[in-house]
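Asker: Got a sequence here, can you build the structure:
(one chain, ligands or ions: 3)
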Amino acid sequence: MGLQHLSRELMRRCDELGRVSDEPDRLTRTFRSPAMARANALVGGWMRDAGLEVREDAAFNLLGRWPCAGNPRAKTLLLGSHLDTVRDAGKYDGPLGVLTALAAVTALREAGAQLPFDIEVVGFSDEEGVRYQSTYLGSGALAGTLTKRALARIEEKDIERARRKRGELLAYAEVHIEQGPVLESRNLALGVVSGISGQTRVRVEFIGRAGHAGTTPMKGRRDALCAAAEFILAVEKIGVTATVGQIDARPGAGNVIPGHVTHSLDVRDFDDAKRRAVVEKLRRQAEAVAARRNVVLRWTVVQDTGRVACDPKLTRLLHDAASGHQAEVPSLPSGAGHDAAALAAVCPAAMLFVRCKGGVSHHPDESVKTGDVAKAITALRDFVLRLAHESF
Ligand code: GLV
Ligand code: MN
Ligand code: MN
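Answerer: Ligands and ions are numbered 1, 2, ... in the order given. The predicted model follows:
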C-alpha cells in the first residue's frame, strides 16, 4: 500500500470514526460510553487487518501490538493518541494520532522492517476528561501516574491494573493536530512540540437558596447563579488562559431563583508557579463573591498537572524525520493537554503537530489536508527507523 493510499484511507477512516458518536447529531465519545466501545471495536478491527495483536487493557485503552523484535525482553515503542472526544467535537483531535501510528506501522510491516523493539499502537480511552472532568485517565493509568485523589473520584477501581512495568516502555511518540494557527500561518505542514502546558481543573460550586422568582424580594436573595456570573467575569480578567466551559444551575426552572450552581474552571499556563498562584487568587476572589452574596463556596481541585517538557533526544529524531519533508520544522509549545504529558513521567515522549485549518479545534470544523497527513505518516515511519538505528 503506497503512502498516497495510506493517507487517503486514513482520511476515510477519520470520517467513519467521526460518525461513531453517543449523540445523533454531533460527535461526542466519552470514557466508557457505548460509542467508545464501538470505536474500540472499529479501530481494533483495523489493527487486526494490519496484522497486530489487539487487546483492551484494564483502563479501556485499545492496544495493537507488533512484537517485531522477536525477543521477549525487548522494550516497547508506544505510538498513538486518544479515541475519546469532547462534546460536539471535530474528528481529528485524537483519532488522527492513532490512525497515523497505524498507517506508519502498516508501511513498516509491508516494507519488512526489522526493528530492535516491539511496537504498540495505542488508542487511549480518556484524554479529554469529559466524563470525570479530570484528564489523562487512560494514559495516566497506563503510566501509573493517577493520583489517589483521581482514583477515588472514579467508578472504575480496576484501572490501576493497566499500569505498565517499570522499564518496559522504550518511548512514546504522538502525532496530533496542532489545534492552533502557527503552522498554517507559516505555510508548513509539520512541527515538533517543545512542551505541554500545565493545567488546573476545578469544580466550583456556589450554594445559595432557591425561591420564587415572582415573590422573593430582590434585596436579600441568595442567588447562586448571580454569584457564579460575577466570578466567571473575574476569571476572564485574571490574565492567564482560563475558561469556564460547563455550568449547571439547579433546580433549573425559569421561575425559580437558582439555589445551587456547579461550574467548571480550566486554567492553563506554561509557568506552573504562576498558574498555581492564579488559581489561588481565583479561589480567594470566589470566596469574596460568596461572602458578599451570602452564599457558600465549594472549591474542588480535580486536576493539577504540571508543565511537561518533551524529551529533547526523541524530539530531535522526530524533527530530523520530519525534515525529510520540509526545509524548516519549527518547535512549538502546546497549549492543549496531550497523553504525552502522562507518558513523559515514565519514558521519553515526543510529539509531532500537523497543521489544521484556521487553528480550529474542539469544534466540528476541525480540518486537515490529506497531503499533510501523508507527510505525517512518512515522518513517523522514518522516525521509527531512525530510532531503530540510534543506540537509544
Ligand atoms: C485537551 O484537548 C485539552 O487540552 O483539554
Ligand atoms: Mn487531543
Ligand atoms: Mn482535545
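
Asker: Contacts only, for residue 90.
Answerer: 27, 360-367 (C-beta atoms under 8 Å, 6 or more residues apart in numbering). The C-beta positions use only the backbone N, C-alpha and C, and glycine is treated the same way.

Asker: Show the overlap between those residues and what lies near ligand 2.
Answerer: When C-beta under 5 Å from the ion is applied, no member of the contacts of residue 90 is adjacent to ligand 2.

Asker: Any of those buried? List them.
Answerer: Neighbour counting with 16 or more other C-beta atoms under 10 Å marks 27, 360-362, 366-367 as buried within the contacts of residue 90.

Asker: check which helix or strand covers residue 202.
Answerer: strand 198-207 (DSSP states H and E).

Asker: Dump that strand to CSV, restricted to CA.
Answerer: Extracted C-alpha coordinates of strand 198-207, given in CSV (Å, rounded to 0.1, in the frame of the first residue of the first chain):
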residue,chain,number,x,y,z
GLY,A,198,0.3,22.6,32.8
GLN,A,199,-3.4,22.7,33.7
THR,A,200,-5.6,23.0,36.7
ARG,A,201,-9.3,22.0,36.6
VAL,A,202,-11.6,22.9,39.5
ARG,A,203,-15.2,22.1,40.2
VAL,A,204,-16.7,25.3,41.6
GLU,A,205,-20.0,25.3,43.5
PHE,A,206,-22.0,28.2,44.8
ILE,A,207,-24.8,27.2,47.1
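
Asker: In the sheet, which strands lie alongside that strand, parallel or antiparallel?
Answerer: strand 260-269 (antiparallel), strand 296-305 (antiparallel) (DSSP bridges).

Asker: and that strand, which residues are buried?
Answerer: Within strand 198-207, the residues scored as buried using 16+ other C-beta under 10 Å are 198-207.

Asker: helix or strand right after that strand?
Answerer: That would be, after strand 198-207 and using DSSP H and E, strand 211-212.

Asker: what's in contact with that following strand?
Answerer: So strand 211-212 is contacted by 221, 255-257, 259 (C-beta under 8 Å, 6+ apart).

Asker: next SSE after the worst-scoring helix or strand of the chain on mean pLDDT?
Answerer: None of the helices or strands of the chain scores lower by mean pLDDT, DSSP states H and E than helix 148-152, at a mean of 88. Remark: after helix 148-152, the chain's next helix or strand is strand 169-177, criterion DSSP H and E.

Asker: on contacts alone, who are the packing partners of that following strand?
Answerer: strand 76-82, helix 95-110, helix 312-323, helix 339-343, strand 349-354, helix 370-389 (3 or more C-beta pairs under 8 Å, 6 or more residues apart in numbering; DSSP states H and E).

Asker: Now do the residue nearest to residue 181 when sequence neighbours are not counted against residue 183, distance only.
Answerer: Setting aside the residues directly before and after it, residue 181 is nearest to residue 359 in space (C-beta to C-beta, 6 or more residues apart in numbering), at 3.3 Å. Distance, residue 359 to residue 183, by C-beta to C-beta, to the nearest Å: 9 Å.

Asker: neighbour count winner among those two?
Answerer: residue 183 (22 against 15; other C-beta atoms under 10 Å).

Asker: Other residues contacting the strand or helix carrying that one?
Answerer: Assessed by DSSP H and E, residue 183 sits inside helix 182-185. Here helix 182-185 makes contact (C-beta under 8 Å, 6+ apart) with 178, 189-191, 330, 332, 353-359.

Asker: Then stretch 374-390?
Answerer: 3-4, 6-7, 10, 77, 79, 96, 100-101, 103-104, 107-108, 113, 115-117, 119, 170-171, 173, 175, 189-190, 314, 317-318, 320-322, 324-326, 352, 354.

Asker: one more time with 7 Å
Answerer: For stretch 374-390, contacts defined as C-beta atoms under 7 Å, 6 or more residues apart in numbering pick out 3-4, 6-7, 77, 79, 100-101, 103-104, 107-108, 113, 115-116, 171, 173, 175, 189-190, 317-318, 320-322, 324-325, 352, 354.

Asker: What's the ChimeraX line that selects buried ones from the residues you listed?
Answerer: Of the contacts of stretch 374-390, the buried ones go into a single ChimeraX selection, burial set by 16+ other C-beta under 10 Å:
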select :3,6,7,77,79,100,101,103,104,107,108,113,115,116,171,173,175,189,190,317,318,321,322,325,352,354
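
Asker: If we check ligand 1, which of the contacts of stretch 374-390 are in contact?
Answerer: Among the contacts of stretch 374-390, not one lies near ligand 1 by C-beta under 6 Å from any ligand atom.

Asker: circling back to that earlier point, list the buried residues of the least confident helix or strand of the chain.
Answerer: Of all the residues in helix 148-152, those buried under the rule 16+ other C-beta under 10 Å are residue 150.

Asker: what about the helices in the stretch 1-150 of the chain?
Answerer: 3-18, 34-49, 95-110, 137-143, 148-152 (DSSP state H, counting those that start in this stretch).

Asker: What is the neighbour count of the closest residue to residue 34 other than its chain neighbours?
Answerer: Distances taken as C-beta to C-beta, 6+ apart put residue 22 closest to residue 34, at 6.4 Å, once the chain neighbours are dropped. The tally of other residues near residue 22 (other C-beta under 10 Å) stands at 16.

Asker: residues in contact with residue 22?
Answerer: 28-30, 33-35.

Asker: Please tell me which one of the residues you listed counts the most neighbours.
Answerer: Counting neighbours by other C-beta under 10 Å, residue 29 comes out on top of the contacts of residue 22 with 29 neighbours.

Asker: Contacts only, for whatever residue of the stretch 101-250 of the chain ends up closest to ligand 2.
Answerer: Using C-beta to the ion, residue 127 is the residue of the stretch 101-250 of the chain that sits closest to ligand 2, at 5.2 Å. Taking C-beta under 7 Å, 6+ apart, we find residue 127 in contact with 82, 84, 94, 135-136, 138-139, 339.

Asker: distance of it from residue 153?
Answerer: Distance of residue 127 to residue 153, given as C-beta to C-beta: 17 Å.

Asker: do residue 229 as well
Answerer: Where residue 153 is concerned, residue 229 sits at a distance of 27 Å (C-beta to C-beta).
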